[in-house]
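**Student:** predicted model follows, preceded by the sequence.
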Amino acid sequence: MIEVAHLTKRYGAKAAVDDISFTVPPGRVTGFLGPNGAGKSTTLRILLGLDRPDAGTALIDGRPYRELRFPLRRVGALLDGAGPVPERRAIDHLTWIAQSNRIPRRRVHEVLDAVGLGAVARQRVKKYSLGMGQRLGLAAALLGDPEILVLDEPVNGLDPDGIRWVRTFLRDHAARGRTVLLSSHLMTEMADTADEVIVIARGRIAAHGPLDEITAGHPSLESAFFALTGDQGPGW
Ligand SMILES: Nc1ncnc2c1ncn2[C@@H]1O[C@H](COP(=O)(O)OP(=O)(O)OP(=O)(O)O)[C@@H](O)[C@H]1O
C-alpha cells in the first residue's frame with residue numbers, strides 16, 4: 001500500500017506539489033496522469049526517497065522509503081534518467097544491484113528472460129536501443145520480486161510488442177494482489193491498463209477514482225483529462 005498524505009514540495013515560491021493526498025491500493029493498476037510540470041515526478045521522487053518533502057508524508061507499507069531495510073524487495077521502480085553506466089554489460093548491471101540488495105543471482109537471469117533480454121544480456125548497455133534500455137530498467141525494477149511497482153513512463157521507447165508485454169505484465173502483477181502505480185502520457189495506453197486513475201494538475205489532485213468514473217460523460221480518457229486539467233494540449 002502506498003499512502004501519500006498532505007504532501008507539499010516547494011521550489012522557491014512555487015509549490016510543485018501542494019498538499020496532495022491519495023492512497024494506492026493493492027490488487028489494482030493505478031494510473032498517475034497530469035500535464036507537463038503537474039508534479040508527477042516530484043511526487044514519485046519523494047515517494048522513492050530521492051527528494052524530501054517540505055510537509056506531509058509519502059509512505060510505503062507505513063514507512064518512508066529510506067527506512068525500508070531492503071527497498072528493492074518491497075518496491076520496484078523505474079524513473080526517468082536513472083539508467084545504468086553505459087560501459088557496463090546488462091547482466092553485470094543487474095548482478096551488482098542484486099548483490100547490494102541480497103537478491104539471489106538466479107533472479108538476474110529470470111528477469112532478463114522475463115523482459116526478453118536473455119539473448120543480449122552480455123552486451124554493453126551503450127549498444128542498447130531505447131526500447132532495450134527501457135526493458136533493462138524494468139528488469140531492474142523486477143529483480144527483488146517486489147509487491148509494489150512504481151513506474152514513470154514505462155512504455156517510453158517500446159515497440160507495440162513491448163507495450164503489450166508491459167500492459168499484460170502490470171495487469172498480471174495487480175491481479176496477483178500486488179500494487180502498481182504507473183505514470184504515463186499515453187492516454188489510450190493508460191485507458192487499456194489502469195483500473196484507477198489519479199489526475200494531478202498544477203500540484204493538486206484534480207480527480208481520483210475508478211477509470212470508468214473518471215471517464216463517465218466523456219468519449220475517452222483523453223477528453224476527460226483535458227476537461228479535468230483545463231489543459232488544451234499545447235506542449236503536452
Ligand atoms: N529541481 C527543481 N528545481 C526547481 N523547480 C523544479 C524542480 N523540479 C521540479 N520543478 C518544478 O516543479 C513543477 C513540477 O515538476 P514535475 O517534474 O514534478 O512535473 P511532472 O508532472 O513530472 O512533469 P513532466 O510530465 O513534464 O515530467 C514544475 O513546475 C517544475 O518546473
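**Tutor:** Nice, thanks for sending it over.

**Student:** near the ligand, which residues of this structure?
**Tutor:** 11, 16, 34, 36-42 (Cβ under 6 Å from any ligand atom). Where you see a C-beta, it was placed from the backbone N, CA and C, and this is true even at glycine.

**Student:** farthest pair in those?
**Tutor:** Using Cβ to Cβ, the residues of the chain next to the ligand span at most 16.5 Å, a distance reached by Tyr11 and Gly34.

**Student:** give the contact list for Glu153.
**Tutor:** Applying Cβ atoms under 8 Å, 6 or more residues apart in numbering, we find Glu153 in contact with 80, 183-185.

**Student:** same thing but at 10 Å, please
**Tutor:** With contact set as Cβ atoms under 10 Å, 6 or more residues apart in numbering, Glu153 has these partners: 40-41, 78-80, 134, 182-186.

**Student:** excluding its backbone neighbours, what's nearest Ile163?
**Tutor:** The shortest distance from Ile163 to any residue other than its chain neighbours is 4.7 Å, reached at Val155 (Cβ to Cβ, 6 or more residues apart in numbering).

**Student:** can you give me the helices in the chain?
**Tutor:** Secondary structure of the chain by DSSP state H: the helices cover 40-47, 90-100, 106-114, 130-142, 160-175, 187-193, 211-215, 221-229.

**Student:** tell me the pLDDT at the residue nearest the centre of the chain?
**Tutor:** Averaging the C-alpha coordinates of the chain gives a centre point, and the residue nearest to it by Cα atoms, centre = their mean is Leu151 (1.4 Å). At Leu151, the model reports a pLDDT of 93.

**Student:** same check on Gln99?
**Tutor:** Each residue has a pLDDT score; the one for Gln99 is 92.

**Student:** count of neighbours near the residue nearest to it when sequence neighbours are not counted?
**Tutor:** In space, and not counting its chain neighbours, Gln99 is closest to Arg105: 7.9 Å by Cβ to Cβ, 6+ apart. Applying other Cβ atoms under 10 Å, we find 11 residues neighbouring Arg105.

**Student:** Arg105 contacts Ile97, correct?
**Tutor:** No. In this structure, Arg105 sits apart from Ile97 without contact. The criterion is Cβ atoms under 10 Å, and the distance is 11.3 Å.

**Student:** which one (most neighbours) among the contacts of Glu153?
**Tutor:** Counting neighbours by other Cβ under 10 Å, the top entry in those is Leu182, with 27 neighbours.

**Student:** wait, that residue sits on Glu189?
**Tutor:** Yes. At 9.3 Å, Leu182 and Glu189 qualify as touching, with contact defined as Cβ under 10 Å.

**Student:** overlap in contacts of those two?
**Tutor:** 31, 154-155, 166-167.

**Student:** drop anything exposed from those residues.
**Tutor:** 31, 154-155, 166-167 (16 or more other Cβ atoms under 10 Å).

**Student:** dump the contacts of Glu153 into CSV; add pLDDT and distance to Asp51 as well.
**Tutor:** Converted to CSV, the contacts of Glu153 look like this (pLDDT from 0 to 100; distance: Cβ to Cβ, whole Å):
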residue, pLDDT, distance to Asp51
Lys40, 93, 13
Ser41, 91, 9
Leu78, 90, 17
Leu79, 86, 11
Asp80, 71, 14
Gln134, 85, 23
Leu182, 94, 20
Ser183, 93, 16
Ser184, 84, 21
His185, 78, 21
Leu186, 82, 25
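
**Student:** where does pLDDT dip in the protein?
**Tutor:** 81-83, 231-236 (pLDDT under 70).

**Student:** rerun at 80
**Tutor:** Scanning the chain for pLDDT under 80 picks out 80-86, 157, 185, 231-236.

**Student:** burial of the residue lying closest to Gln134 once chain neighbours are set aside, as a residue count?
**Tutor:** On the basis of Cβ to Cβ, 6+ apart, the spatially nearest residue to Gln134 that is not a chain neighbour turns out to be Gly157, at 4.9 Å. By other Cβ under 10 Å, the residues close to Gly157 number 16.
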